[in-house]
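Peer 1: okay, structure incoming, though there's no sequence with it:
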């Protein structure tokens, strides 16, 4: 099915649940017969649980991981990180404007902008290129004010309590 | 697979993404071969997109909707709403302690407590009964302070901008 009215949603903030909320949106949309494209920035590690689960919905759910394994050094990102992020944005643009997908998720794209891997202007242009029937979801910390201004719905995930601080490591099946 | 260390996660606040974050956690866990039980309080309407999608993972993903269709009147809830919520909590307790599930999600349970349909003490007892290898996720607005104190991870979804205010209705495939 096609959406009559697509919107732009943002999940930002330092709390947990940004990527998982986007995955939940994908899950619900798939249940309604929509086609979903998710591109993950700066997530070359894995595969994670969501990649195995996505296979159950093939060919309706495509998840693409981009970036190098490991963390990007936000104070001094490698030029290769920026090159991969720019390449990923072009892949996202192709999917967004292809007419093939009803829901397009750019996971961690706000982080890629905030780390200086992508100019915010390039993301703003992509947002303008969204066909009206496509839902676009952007996740990641530190969403730029101009990106927030151009979105329809913005939620901040605020950390009240986090178990990382209590020494609980990232767990297979929950965090990854 | 089994978790060595299960935790209690809460998604609360007035912003979007609480139920969808829980669905995303389910999706990731299913990809890792876990078994997931989700019980939705005060959600007799539907079915929603997540119910159709869950069938792809049967028998590993069980979603149960409880409550009457329509909204609960928070100022004057019907005794039937309270009866159904109490019954649902017993169903949840059975699932939580059965040893069958790795991830148990009580969707909108915080709302059910906040509406006076469930005594907070009953939810606190259920949290104590959680086997250590089970991840328990509680969603819904207005999580009680005592419930927050007993949880390991708490995220507040804070509404920065919501398209309901701009007149966008709940859409099939996105909100339901």
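Peer 2: Okay, I see it. For clarity, every value in this text was computed on a predicted model and none was experimentally measured.
Peer 1: mind checking how far residue A:165 is from residue B:152?
Peer 2: 10 Å (C-beta to C-beta, to the nearest Å). Any C-beta I mention is one placed from the backbone N, CA and C, and that applies to glycine too.
Peer 1: between these two, tell me which one has more neighbours.
Peer 2: It is residue B:152, of residue A:165 and residue B:152, that has more neighbours when counted by other C-beta atoms under 10 Å in any protein chain shown, with 17 against 9.
Peer 1: quick one: pLDDT of that one?
Peer 2: At residue B:152, the model reports a pLDDT of 97.
Peer 1: let me see the contact set for it.
Peer 2: Residue B:152 makes contact with A:161, A:163, A:166, A:168, B:7, B:8, B:9, according to C-beta atoms under 8 Å, 6 or more residues apart in numbering or on different chains.
Peer 1: mind doing that once more with 6 Å?
Peer 2: A:163, B:7, B:8 (C-beta atoms under 6 Å, 6 or more residues apart in numbering or on different chains).
Peer 1: now do the strands in chain A.
Peer 2: With DSSP state E, the ranges of strands along chain A come out as A:8-12, A:36-40, A:61-65, A:103-107, A:135-139, A:153-161.
Peer 1: would you reformat these as JSON lines and include distance to chain B and mean neighbour count?
Peer 2: Converted to JSON lines, these look like this (distance: least, C-beta to the nearest C-beta, whole Å; neighbours: other C-beta atoms under 10 Å in any protein chain shown):
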{"stretch": "strand A:8-12", "distance to chain B": "6", "mean neighbour count": "25"}
{"stretch": "strand A:36-40", "distance to chain B": "10", "mean neighbour count": "25"}
{"stretch": "strand A:61-65", "distance to chain B": "10", "mean neighbour count": "20"}
{"stretch": "strand A:103-107", "distance to chain B": "8", "mean neighbour count": "27"}
{"stretch": "strand A:135-139", "distance to chain B": "6", "mean neighbour count": "26"}
{"stretch": "strand A:153-161", "distance to chain B": "4", "mean neighbour count": "22"}
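Peer 1: nearest to residue A:95, out of those strands?
Peer 2: Checking those against residue A:95 by C-beta to C-beta gives strand A:36-40 as the closest, at 4.4 Å.
Peer 1: show me what the closest one is packed up against.
Peer 2: strand A:61-65, helix A:79-96, strand A:103-107 (3 or more C-beta pairs under 6 Å, 6 or more residues apart in numbering or on different chains; DSSP states H and E).
Peer 1: check the residue minimising distance to the centre of chain A and give its pLDDT.
Peer 2: Geometric centre of chain A, nearest residue: residue A:107, 1.3 Å, by C-alpha atoms, centre = their mean. Listed pLDDT for residue A:107 reads 98.
Peer 1: next one, pLDDT for the spatially closest residue to it that is not a sequence neighbour please.
Peer 2: Spatial nearest neighbour of residue A:107, excluding adjacent residues (C-beta to C-beta, 6 or more residues apart in numbering or on different chains): residue A:40 at 4.3 Å. Looking at residue A:40, its pLDDT reads 97.
Peer 1: again with residue A:166
Peer 2: You'll see residue A:166 listed with a pLDDT of 84.
Peer 1: just residue A:113 next, same as before
Peer 2: As predicted, residue A:113 sits at a pLDDT of 98.
Peer 1: and for it, the neighbour number?
Peer 2: Residue A:113, neighbours per other C-beta under 10 Å, totals 26.
Peer 1: and residue A:158, what is it in contact with?
Peer 2: Contacts of residue A:158 by C-beta under 6 Å, 6+ apart are A:13, A:15, B:156, B:158.
Peer 1: adding distance to residue A:93, write the contacts of residue B:152 out as CSV.
Peer 2: As requested, the contacts of residue B:152 are exported to CSV (distance: C-beta to C-beta, whole Å):
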residue, distance to residue A:93
A:163, 37
B:7, 38
B:8, 41
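Peer 1: what sits against the nearest residue to residue A:22 once chain neighbours are set aside?
Peer 2: Nearest residue to residue A:22 in three dimensions, chain neighbours excluded: residue A:105, at 4.7 Å (C-beta to C-beta, 6+ apart). The neighbours of residue A:105, taking C-beta under 6 Å, 6+ apart as the test, are A:22, A:38, A:137.
Peer 1: residues contacting residue A:65?
Peer 2: So residue A:65 contacts A:40, A:43, A:46 (C-beta under 6 Å, 6+ apart).
Peer 1: returning to that earlier point: and the gap between the residue nearest to residue A:107 and residue A:92?
Peer 2: 10 Å.
Peer 1: likewise residue A:10?
Peer 2: 15 Å.
Peer 1: coming back round to it: just the contacts of residue A:105 now: which is nearest residue B:122?
Peer 2: The closest of the contacts of residue A:105 to residue B:122 turns out to be residue A:22 (C-beta to C-beta; 32.8 Å).
Peer 1: surely that closest one and residue A:137 touch.
Peer 2: Yes - the criterion here is C-beta atoms under 6 Å, and residue A:22 meets it with residue A:137 at 5.1 Å.
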